[in-house]
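[1] Can you look at this prediction? I've put the sequence above it.
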Amino acid sequence: MTNVNHFLLALICVFFCAPLDAQNRLGEKLRERMEERRGERAQPNASERAVELSYGDHQLQKLDFWKADKPGSALVIFVHGGGWKRGDKATSVGVKDQHYLQQGYAFASVNYRLVPDHAVEDQAADVAAAIAHLVERSGELGFDKSRIVLMGHSAGAHLVALAGTDPKWLKDAGLSETALSGVIPIDGAAYHVANQIGQAGRLMKDTYLEAFGTDAERRASLSPTLQAAAPNAPAFLLLHVEREDAKTQSNALAAALKEAGTAVEVRDFPGKGLQGHAEINKRMGDPSYPATAVVDKWIENLFSQGTSSAQKNSSAQKISSAQKISSAQKISSAQKNDRNRQVNATGVRYTFSHQDRERAYRIHIPNRVADSKTPVPLVFCFHGGGGTAEVASKMGWTPKADQEGFIVVYPEGLNKHWGDGRDSPKFAEQEAEVDDVAFVLALLEKVKSDLPVDPAKVFVTGASNGGFFSQRMVIEAADRFAAAGVVIATMPAPYTNGKRTFDPVRPVRILYMNGTEDPFVPYTGGPVTPNFFPKIKKRDFNRGECSSTDVAIQKWIVHNGLEQVEPVTEKLPDKAPGDGCTVEKTVWQSADKKGSVVLYKVIGGGHTLPGGVQYLPERIIGKTCQDFDAVDTIWAFFEAGAE
């Protein structure tokens, strides 16, 4: 028996004799050593054709590149795994370099900076930067930059899936999602980070927590499944072995991609546990391994279909230039009808330039409104942190617009964030440069010029980051909006502690809908950050401060001149006793209804939309109240005060 095997045996013996916390540490060490051994066995024969290129200044910002025999070839890029904290571009390649060169492709293998010295966000940026570096040098390297497949294994599968679903990463590197022809994540299992952590065994949970922390918004922003709303890379091939978490996560990501109109296939292969997980990477490119032929055929079909820009666009982007709305264009009646047919339930993503930036939004126009000359109400719905316009469009406002006959617009924040007034350190640089209030006001004027909008019936609503931002809109532009509906958000603390000016130009009708057990936005105020796993060290998770719900309510009561008004409180019927929530509704009603303040206090409720789905486990986000529907309630509030 070799010394290495004696070492592994000793580790195993100690593991089963150790206390639980020591078992966790030893188990992780054992797993790391086993993966290192497998990586050593998988190390390829050195290829004289490989050249090492640097795409950044850090020692790990390097890649190996193998040039194809023929110029103008396609390129396959591989990203290694290793739990986000280990791994190497050389030892993880296996026989992929030899195989894809034989297939006529150029090949590259990428290193990236590692946890804990660097964050997963840095790793996603590194992958995108490596792609951009290769694209920039495609002429001298001899490959066709319009035909690139991005492939990754394990943690690398997560990173390539993230690069293919969240356009931020490629965009920040100077590319678009159409820079990739396809993405092949291999046996990854962190496509939905929170769900993965929730079901992880004791040996892996620490790895996930070290990589992704405890902040829910951050986890969501790093979850490809939650970022899979269009636009995406044009096509995905998801591979997994017989690991339950890899299967579940792959199928969930595939479902999200399909919903966005992205071409996706899921294929499973024999192999159990860590051995199967390592084997699919080691043997990818081996002609006797079944996954090799599947990948070869998929890539062949992908490139045989052509990769023009028009073909690369996902279904959510397939809008002719006549249909796109520039900031100076009007929407003709024909365009309205055509767009409404395409919009269906979620709207189509449009862009226009504002302050030298491309800003995006979705819009839904019900059939009965499209050709109407009668002014109708308009609702702005703002997504939460880490969300998109499409995510917001699934909150329930689109079917409500069809039912009631109003227009709904879903603006999109830059980098999936709104500058909502909390002065979050994480987004300080963006908020200093980007005026989201001005963007929304410009979008309002654009929609009003294009469509029959009643200026007296323009409303704002949103959840979480979008709820905070709804308040900022009515604080700073109260004369442009009739009312606000705020869900799972209080008032940004700078407006209550004097750091920002609170001086709306008129009384504002406002409704709050907050859970008393919200783990992210505390009902009693304080830092906006998760309070579960309190022993885990938080790094850059500070999302600013919020006031308590009661302080926010009082701020509006005073501003609206309701100090002498006797509030009316009632308990709503407990229609869903099993949801663990009850609801108290309190109303401060002005005589003219123009300055009314309403609070729906969801006792026991979490960071969730009442009447909505339990989108993450209760232990992560808290309980979802089913005693009333948030969208129906907010619309009734809007309508009740409309002139």
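    Now that the structure is in, tell me what you want to look at. Numbers count the residues shown, from 1 in each chain.
[2] pLDDT-wise, which helix or strand of the chain ranks last?
    helix 333-343 (a mean of 32; mean pLDDT, DSSP states H and E).
[3] List the pairing partners of the helix or strand just after that one within its sheet, with orientation.
    The element immediately downstream of helix 333-343 (helix or strand, assigned by DSSP states H and E) is strand 348-354. Strand pairing for strand 348-354, determined by DSSP bridges: strand 357-364 (antiparallel).
[4] buried sites along the strand it pairs with?
    R359, A360, Y361, R362, I363, H364 (16 or more other CB atoms under 10 Å). C-betas here are computed from N, CA, C, even on glycine.
[5] Confirm V379 sits in a helix?
    No - V379 is assigned strand when assessed by DSSP: H, G, I helix; E, B strand; the rest coil, not a helix.
[6] Tell me what it is bridged to.
    Here V379, judged by DSSP bridges, has bridge partners V408, F459.
[7] show me the contacts for Y208.
    By CB atoms under 8 Å, 6 or more residues apart in numbering, the residues touching Y208 are A190, V193, Q196, I197, A200.
[8] repeat for G385
    E217, A220, S221, K416, H417, W418, S464, N465, R543 are the contacts of G385 under CB under 8 Å, 6+ apart.
[9] quick one: which of the residues you listed is nearest to V568?
    S464 (28.0 Å; CB to CB).
[10] My read is that the closest one contacts G384, right?
    Yes - with contact defined as CB atoms under 8 Å, S464 counts as touching G384 (3.6 Å).
[11] Mutual contacts of those two, please.
    Common neighbours of S464 and G384 (CB under 8 Å, 6+ apart) are E217.
[12] out of the contacts of Y208, what pair is the most spread apart?
    Largest separation among those by CB to CB: V193 and A200, giving 10.3 Å.
[13] what residue ranges in the stretch 501-643 of the chain score low on pLDDT?
    For the stretch 501-643 of the chain, the stretches with pLDDT under 70 are 530-542, 593, 642-643.
[14] OK, contacts around the residue nearest to S138 when sequence neighbours are not counted?
    Closest residue to S138 apart from its sequence neighbours, by CB to CB, 6 or more residues apart in numbering: K145 at 3.9 Å. Residues in contact with K145 (CB under 8 Å, 6+ apart) are L75, L134, V135, S138, A179.
[15] Surely the second one forms part of a strand?
    The one in question is L134. No - counting by three-state DSSP, L134 is not part of a strand but helix.
[16] looking at it, it is touching D64, isn't it?
    No - using CB under 8 Å as the test, L134 is too far from D64 to be in contact (11.3 Å).
[17] list residues touching both of the two?
    L53, A108.
[18] Quick check on the two: which one has the bigger neighbour count.
    Neighbours were counted for L134 and for D64 using other CB atoms under 10 Å; L134 has more, 23 against 20.
[19] And A228, how far from I553?
    To I553, A228 is 37 Å away according to CB to CB, to the nearest Å.
[20] In terms of neighbours, single out the busier of the two.
    More neighbours surround A228 than the other of A228 and I553, with 28 against 24 (other CB under 10 Å).
[21] Helix or strand for the closest residue to the more buried one other than its chain neighbours, just tell me which one.
    In space, and not counting its chain neighbours, A228 is closest to A256: 3.7 Å by CB to CB, 6+ apart. Using DSSP H and E, A256 falls within helix 244-259.
[22] what comes up buried for that helix?
    Result for helix 244-259 [16+ other CB under 10 Å]: buried residues D245, A246, K247, T248, Q249, S250, N251, A252, L253, A254, A256, L257.
[23] any idea of the mean pLDDT for it?
    Confidence for helix 244-259, expressed as mean pLDDT, is 91.
[24] name the helices or strands packed onto it?
    helix 193-199, strand 235-242, strand 263-272 (3 or more CB pairs under 8 Å, 6 or more residues apart in numbering; DSSP states H and E).
[25] by contact count, what packs against whatever helix or strand L444 lives in?
    Using DSSP H and E, L444 maps to helix 436-450. Judged by 3+ CB pairs under 8 Å, 6+ apart, the packing partners of helix 436-450 are strand 348-354, strand 357-364, strand 376-382, strand 407-411, strand 453-463, helix 465-476.
[26] distance between it and the chain's centre?
    25 Å (CA atoms, centre = their mean, to the nearest Å).
[27] sec struct for the residue nearest to S138, please.
    Strictly by three-state DSSP, K145 counts as strand.
[28] mind checking how far it is from R243?
    35 Å.
[29] Over to P399?
    Distance from P399 to R243, by CB to CB: 38 Å.
[30] And for P567?
    55 Å.
[31] These two: which is more packed in?
    Each of P567 and R243 has its neighbours counted (other CB under 10 Å); R243 has more, 20 against 14.
[32] Show the contacting residues for that one.
    Counting by CB under 8 Å, 6+ apart, the residues that R243 touches are D187, A189, K272, G273, G276, H277.
[33] send the alpha carbons of the host helix or strand of A428 over as CSV?
    Using DSSP H and E, A428 sits in helix 428-433. In CSV, the C-alpha atoms belonging to helix 428-433 read as follows (Å, rounded to 0.1, in the frame of the first residue of the first chain):
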residue,chain,number,x,y,z
ALA,A,428,-22.4,52.9,-3.4
GLU,A,429,-20.4,53.3,-6.6
GLN,A,430,-23.4,52.4,-8.8
GLU,A,431,-25.8,54.6,-6.9
ALA,A,432,-23.4,57.6,-7.2
GLU,A,433,-23.3,57.3,-11.0
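[34] list the buried ones in that helix?
    E431.
[35] what does it contact?
    L414, N415, H417, G419, D423, S424.
[36] Give me the buried subset of those.
    L414, H417, G419, D423, S424.
[37] What is the nearest of the residues you listed to Q626?
    Closest to Q626, out of all of the buried ones among the contacts of helix 428-433 and judged by CB to CB, is H417, at 29.4 Å.
[38] Verify the stated contact: the closest one with F468.
    No - counting by CB under 8 Å, H417 does not reach F468; the two are 10.8 Å apart.
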